[in-house]
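Undergrad: quick one, what's the 3D model for this:
(one chain, ligands or ions: 2)
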Amino acid sequence: LVASLEQVDESYIMVKPDGVQRGFVGEIISRFERKGFKLKGLKLFQCSKELAEEHYKELKAKPFFPKLVDYITSGPVVCMAWEGVGVVASARKLIGSTDPLQAEPGTIRGDLAVQTGRNIIHGSDSPENGKREIGCGSTMALACQLYVIHVLNRD
Ligand code: RTP
Ligand code: MG
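TA: Ligands and ions are numbered 1, 2, ... in the order given. From the prediction side, this is the model:
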């Protein structure tokens, strides 16, 4: 009964350009696989300015927004759809705090980064945003065909 009440979530995980450039794609995938989550879609992708602005539109008013868009478009990103019970909240724990210097050792940002503006990885911040970022409403997921791959991988 408890198991049937458990919600299977989806998280949009994106290795940012510094994570790709520094060679952490395999390490990041391994951490999610070892935890026990299921990879449903994956694509190496050059994100356009327009898509980066759309993806982070909730942060449009922040002073760091132009820098953030430059950062995300500075090289290819690896877009992924991960599925599992509690994957959104768990992924945020695996990733660690936004500021890598505040992130606990053992987390991805805590182990591998030092700057907020170069923090290696994105993870959806709620199950609703996970669905929004991976689903057919997501321009990013459509543009990089992650949505198609994700849906084809449904079992
Ligand atoms: P993300 O969305 O990328 O997973 O990161 P997050 O939830 O931990 O943090 P969020 O507040 O959503 O911010 C998105 C990204 O913007 C950059 N940022 N720079 N003060 C700053 O310079 C600053 N604050 C945020 C980071 O790359 C952050 O991950
Ligand atoms: Mg965020």
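
Undergrad: quick one: find the helix or strand in this structure with the lowest mean pLDDT.
TA: helix 2-5 (a mean of 60; mean pLDDT, DSSP states H and E).

Undergrad: quick check: which element contains Lys131?
TA: In this assignment (DSSP states H and E), Lys131 forms part of helix 127-134.

Undergrad: so which elements touch that helix?
TA: Packing contacts for helix 127-134, counted by 3 or more CB pairs under 8 Å, 6 or more residues apart in numbering; DSSP states H and E, involve strand 8-15, helix 87-95, helix 139-143, helix 146-152. Quick note: C-beta positions are derived from backbone N, CA and C, even for glycine.

Undergrad: next, format those as CSV and append distance to Phe65 and mean neighbour count.
TA: Listed next are the helices and strands packed on helix 127-134 as CSV, based on distance: least, CB to CB, whole Å; neighbours: other CB atoms under 10 Å:
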stretch, distance to Phe65, mean neighbour count
strand 8-15, 17, 24
helix 87-95, 21, 20
helix 139-143, 17, 19
helix 146-152, 23, 18
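
Undergrad: let me have the ones you listed in CSV, extended by mean pLDDT and distance to Val69.
TA: Formatted as CSV, these follow (pLDDT from 0 to 100; distance: least, CB to CB, whole Å):
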stretch, mean pLDDT, distance to Val69
strand 8-15, 96, 14
helix 87-95, 98, 20
helix 139-143, 90, 13
helix 146-152, 89, 20
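
Undergrad: distance to ligand 1 for these - can I get that in TSV?
TA: Below are those laid out as TSV (distance: least, CB to the nearest ligand atom, whole Å):
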stretch	distance to ligand 1
strand 8-15	8
helix 87-95	7
helix 139-143	13
helix 146-152	16
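
Undergrad: in the chain, which helix is the longest?
TA: Secondary structure of the chain read by DSSP state H shows that its longest helix is helix 25-35.

Undergrad: what's Pro105 in contact with, if anything?
TA: Asp111 (CB atoms under 8 Å, 6 or more residues apart in numbering).

Undergrad: now it: how far from Gly117?
TA: Here Pro105 is placed at a distance of 21 Å from Gly117 (CB to CB, to the nearest Å).

Undergrad: how about low-confidence regions in the chain?
TA: 1-5 (pLDDT under 70).
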